[in-house]
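[1] heads up, no residue letters with this:
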């Protein structure tokens, strides 16, 4: 059983998607909205405008000699520096490595960090992919993901955790040379989010395909990397990922709930992802809430778990944020089916009351979706964040380009942002995606990837809130 104390901190993840075979259109629950491209008439410094003081016109692209880059996790430090975690093709060219980069406030790489502003870490000379990032109070960075610990043609993905000093070197006081791996069994295990406690101990959340089921998986470590406990929660029918890029999202965050009668507050760990139903063979949003001792909270949903069907087909949860009032916001995509020559991935945002019931004051019965216009368009949200004023920001992908959008607190589109509430930006000529985000000092920071036509680069954007 996992035992936890008070927690702080949070970070991120990513996933691949591929269209399915054509299917007929079905009706979708939720408010129906439209996405539009950013138009030239948006005035400088207006909400949704790129910040030209960052990089080149508000965009930063970073590549290395090996080509493949991505950034599923981003944080902004109090000095304005931007820290990004992800993966890059390793120097040995046999697989991917963890990759950590730090940028100055103007978007240039911080050359005092690692080698020229970047660090790569290999676990087993195969595929090592980072998804989550958290910064400790002492300035050290904790990065989590998965590592292929197999050999030859055997694939065996395990949890992978690395801790770095503030200058980018591995922290040798953690685990073995700064690294820790964990296997839950014979199936695939992948860490997706990390939370750091005030005493330096670390909670890692992800998934484990074990016991013929897809499980939410939690692991608790001491400040030195000693395993303190684990928890597995069966969440759905077994569906092995079809490759290293098709790795399910799992996000974790803290929720503080205050009893209106006693005034006493309780802190929980909330985990969000997707659950495949054996009855329908499609995915639904899934949210679980844990007490700080690692046990599921039986007062939340059904025995600690809530599952939400947005449409008749796959619903994939990818972003999680907790409002100041304890309400839970989960963002992702819903597949509403196909009509001829059109894909049908739509953005889906669901808001729950603190106890896991759908919030009827948000959208339609707690659900908001978008409808795309034009041929071959599809869109989805990869991450979500809550502004101080209660507005909801999302980032993701729309028809080949990076997407940033904003909703009001009631689920309606904030038409003061970008062009009618959305910015679809062609970061690179060959396509791009914003896979994660952070809010800092009135700016929106996004991180992800951009394809230049020859390489896939790490791509950052900074926009005005």
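    Arrived safely. This structure is a prediction, so every number in the text was calculated from the model and none was measured.
[2] pLDDT below threshold where in the stretch 351-465 of the chain?
    The stretch 351-465 of the chain contains residues with pLDDT under 70 at 371-377.
[3] er, the stretch 51-200 of the chain actually
    64-68, 90-94.
[4] repeat that for 50
    65, 67 (pLDDT under 50).
[5] which strand or helix spans residue 272?
    Assigned by DSSP states H and E, residue 272 belongs to strand 265-276.
[6] and that strand, average pLDDT?
    Average pLDDT, strand 265-276: 92.
[7] and stretch 334-341, by the same measure?
    Here the average pLDDT along stretch 334-341 is 66.
[8] quick check, residue 123 in contact with residue 180.
    No - shown here, residue 123 and residue 180 do not form a contact pair, counting by Cβ atoms under 8 Å, at 9.8 Å. Glycine gets a C-beta too; all of them are placed from N, C-alpha and C.
[9] overlap of the contact sets of the two?
    Common neighbours of residue 123 and residue 180, counting by Cβ atoms under 8 Å, 6 or more residues apart in numbering, are residue 160.
[10] and the strand holding residue 272, how far from the chain's centre?
    Remark: strand 265-276 is offset 14 Å from the chain centroid, using Cα atoms, centre = their mean, to the nearest Å.
[11] tally of neighbours for residue 351?
    25 (other Cβ atoms under 10 Å).
[12] surely it meets residue 325?
    No - assessed by Cβ under 8 Å, residue 351 is found out of contact with residue 325, at 10.7 Å.
[13] hang on, the earlier thing: by contact count, what packs against the strand holding residue 272?
    strand 202-210, strand 213-221, strand 227-237, strand 251-258, strand 283-290, strand 315-322, strand 328-335 (3 or more Cβ pairs under 8 Å, 6 or more residues apart in numbering; DSSP states H and E).
[14] give me the angle between the first one and strand 227-237.
    So the one you mean is strand 202-210. Computed with axes from the mean of the first three to the mean of the last three Cα atoms, to 10 degrees, the direction of strand 202-210 lies at 40 degrees from that of strand 227-237.
[15] what about strand 202-210, average pLDDT?
    The model assigns strand 202-210 a mean pLDDT of 92.
[16] so what are the sheet partners of that strand and their directions?
    strand 189-196 (antiparallel), strand 213-221 (antiparallel) (DSSP bridges).
[17] just send those strands back as CSV, with mean neighbour count and distance to residue 113 too.
    Shown next, in CSV, are these (neighbours: other Cβ atoms under 10 Å; distance: least, Cβ to Cβ, whole Å):
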stretch, mean neighbour count, distance to residue 113
strand 189-196, 27, 19
strand 213-221, 24, 24
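[18] how about those strands in a markdown table, adding distance to residue 332?
    Formatted as a markdown table, these follow (distance: least, Cβ to Cβ, whole Å):
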| stretch | distance to residue 332 |
| --- | --- |
| strand 189-196 | 14 |
| strand 213-221 | 16 |
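[19] any idea which of these gets closest to residue 415?
    strand 189-196 (32.2 Å; Cβ to Cβ).
[20] so the closest one versus strand 265-276, what angle?
    Going by the same axes, to 10 degrees, strand 189-196 makes 160 degrees with strand 265-276.
[21] can you give the distance from strand 189-196 to the centre of its chain?
    Taking Cα atoms, centre = their mean, one finds strand 189-196 lying 11 Å from the centre of the chain it belongs to.
[22] could you do stretch 447-456 as well?
    What separates the centre of stretch 447-456 from the centre of its chain is 19 Å, taken as Cα atoms, centre = their mean.
[23] only the buried residues of that stretch, if you could.
    Across stretch 447-456, burial judged by 16 or more other Cβ atoms under 10 Å covers 447, 448, 449, 450, 451, 452, 455, 456.
[24] right, and residue 145 touches residue 127 too?
    No - Residue 145 is beyond contact range of residue 127, at 9.8 Å (criterion: Cβ under 8 Å).
[25] who has more neighbours out of the two?
    Per other Cβ under 10 Å, whichever of residue 145 and residue 127 has more neighbours is residue 145, with 33 against 21.
[26] where do the helices sit along the stretch 51-200 of the chain?
    In the stretch 51-200 of the chain, no helices are defined using DSSP state H, counting those that start in this stretch.
[27] all strands of it, in order?
    59-62, 69-76, 82-89, 96-103, 118-121, 128-135, 141-148, 157-164, 179-182, 189-196 (DSSP state E, counting those that start in this stretch).
[28] give me the contact list for the first one.
    Looking back up the chat, that one is strand 59-62. For strand 59-62, with Cβ under 8 Å, 6+ apart as the criterion, the contacting residues are 50, 54-55, 69, 101, 103, 107, 109, 118, 425, 427-428, 450, 452, 457-461.
[29] could you rerun that using 6 Å?
    107, 427, 450, 457, 458, 459, 460, 461 (Cβ atoms under 6 Å, 6 or more residues apart in numbering).
[30] of these, which is the nearest to residue 194?
    residue 458 (19.8 Å).
[31] I'd say that closest one and residue 69 touch.
    Yes - using Cβ atoms under 6 Å, residue 458 makes contact with residue 69 at a distance of 4.1 Å.
[32] quick one: residues contacting residue 306.
    287, 356.
[33] which helix or which strand is home to it?
    strand 305-308.
[34] any idea how far residue 236 lies from residue 131?
    20 Å (Cβ to Cβ, to the nearest Å).
[35] do residue 75 as well
    13 Å.
[36] more crowded one of those two?
    Counted by other Cβ under 10 Å, residue 75 and residue 131 do not tie: residue 131 has more neighbours, with 33 against 23.
[37] that one contacts residue 190, doesn't it?
    No - Residue 131 lies out of contact with residue 190 (Cβ under 6 Å); the separation is 7.3 Å.
[38] so who does residue 396 touch?
    Contacts of residue 396 (Cβ under 6 Å, 6+ apart): 380, 381, 382, 403.
[39] specify the beta-bridge partners of residue 434.
    residue 448.
[40] neighbours of it, how many?
    32.
[41] can you name the residues that contact it?
    Residue 434 sits in contact with 395, 402, 446, 448, where contact means Cβ under 6 Å, 6+ apart.
[42] just the ones in strands from the contacts of residue 396, please.
    Mapping these onto strands (DSSP state E) picks out 380, 381, 382, 403.
[43] what about the second one, distance to residue 78?
    Meaning residue 381. Taking Cβ to Cβ, one finds residue 381 at 27 Å from residue 78.
[44] the more surrounded of these two?
    For the pair residue 381 and residue 78, the greater number of neighbours falls to residue 381 (30 against 8), based on other Cβ under 10 Å.
[45] pretty sure that one contacts residue 347?
    Yes - if you go by Cβ under 6 Å, residue 381 and residue 347 touch, sitting 4.9 Å apart.
[46] three-state assignment of residue 397?
    strand (DSSP: H, G, I helix; E, B strand; the rest coil).
[47] name the nearest residue to it, sequence neighbours excluded.
    residue 433 (4.4 Å; Cβ to Cβ, 6 or more residues apart in numbering).
[48] that neighbour: how many residues sit nearby?
    Using other Cβ under 10 Å, residue 433 is surrounded by 25 other residues.
[49] so who does it touch?
    Counted by Cβ under 6 Å, 6+ apart, residue 433 has contacts 397, 402, 448, 449.
[50] what do you get for residue 281?
    For residue 281, no contacting residues are found, by Cβ under 6 Å, 6+ apart.
[51] many thanks, we can stop here.
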